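Peer 1: Give me the fold of what follows.
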Amino acid sequence: MNRILLILLLFCVCLSACTKTNDVPAQVRAQGVIDSAIITTYLKNNGLPEKHVDTTGVYYIIDTLGTGTDVITNSTQITVGYTATLLTSKSTLGPVFAQTDIPGGTDFHPSFVLGATIRGWQLGVPQIKKGGTVTLFVPSRYAYGPYPQPQLGLPANAVLIFNITLYNITN
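Peer 2: Model prediction:
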């Protein structure tokens, strides 16, 4: 009798485990809908235009286009100044978690190979030219995704805003 109950219990456990799925693409799509709502609500509440990079969900506002004819690719080295802010789930600005231009302090303009930056930058920075400034509204899937960044104070699925000045381009 005990064997029959044990076999029946194992059978039930196996069946219940089979019904659970880990559909990562569905989770990414669901988070994308949430991120898009957070960004569009923020843009509407602040009277900002909704312009996005293709169908990616990365929204941007070009403050200054800049000049030049340089082509920006993922192998381009860019020198930038930026301020990075968390956009909360309530479509309000959270804390600034990184910046290179320190008010009343020394400015630091780092250089990066564009392909080594987060995907949101790879999609948004090419919208401007040398000397240009852009504000990027980056959904979580094009930043750090479902991974919290405790060293930056960012939760999982963080939607980010970057104000970027493109100082130099090296191909």
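Peer 1: Using the three-state scheme, assign S91.
Peer 2: Remark: S91 carries the secondary structure label coil [criterion: DSSP: H, G, I helix; E, B strand; the rest coil].
Peer 1: residues contacting it?
Peer 2: If you count contacts by C-beta atoms under 8 Å, 6 or more residues apart in numbering, S91 has them with 38-39, 41-42, 45. Heads up, the C-betas are built off the backbone N, CA and C, glycines and all.
Peer 1: now those in JSON lines, with distance to N168 and neighbour count?
Peer 2: JSON lines is the format used below for those (distance: C-beta to C-beta, whole Å; neighbours: other C-beta atoms under 10 Å):
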{"residue": "I38", "distance to N168": "32", "neighbour count": "21"}
{"residue": "I39", "distance to N168": "29", "neighbour count": "23"}
{"residue": "T41", "distance to N168": "35", "neighbour count": "14"}
{"residue": "Y42", "distance to N168": "30", "neighbour count": "20"}
{"residue": "N45", "distance to N168": "35", "neighbour count": "10"}
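Peer 1: ok, of those residues, which one's closest to Y60?
Peer 2: Relative to Y60, the closest of the contacts of S91 is I39; by C-beta to C-beta it sits at 10.6 Å.
Peer 1: quick one on the thing from earlier: same list, the contacts of S91, but as CSV with secondary structure, distance to G104 and pLDDT please.
Peer 2: Putting these into CSV (DSSP: H, G, I helix; E, B strand; the rest coil; distance: C-beta to C-beta, whole Å; pLDDT from 0 to 100) gives the following:
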residue, secondary structure, distance to G104, pLDDT
I38, helix, 32, 95
I39, helix, 31, 95
T41, helix, 33, 94
Y42, helix, 28, 95
N45, helix, 30, 94
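Peer 1: Between those residues, which sits nearest A116?
Peer 2: Comparing these against A116 with C-beta to C-beta picks out I39 as the nearest, at 24.5 Å.
Peer 1: What does the nearest residue to that closest one once chain neighbours are set aside show for phi and psi?
Peer 2: With C-beta to C-beta, 6 or more residues apart in numbering as the criterion, I39 has its nearest non-adjacent residue at 4.7 Å, and that residue is F137. The phi and psi torsions at F137 (degrees, to the nearest 10) take the values phi -110, psi 100.
Peer 1: and F137, what does it touch?
Peer 2: With C-beta under 8 Å, 6+ apart as the criterion, the residues that contact F137 are 39, 42-43, 58-60, 87, 159-161.
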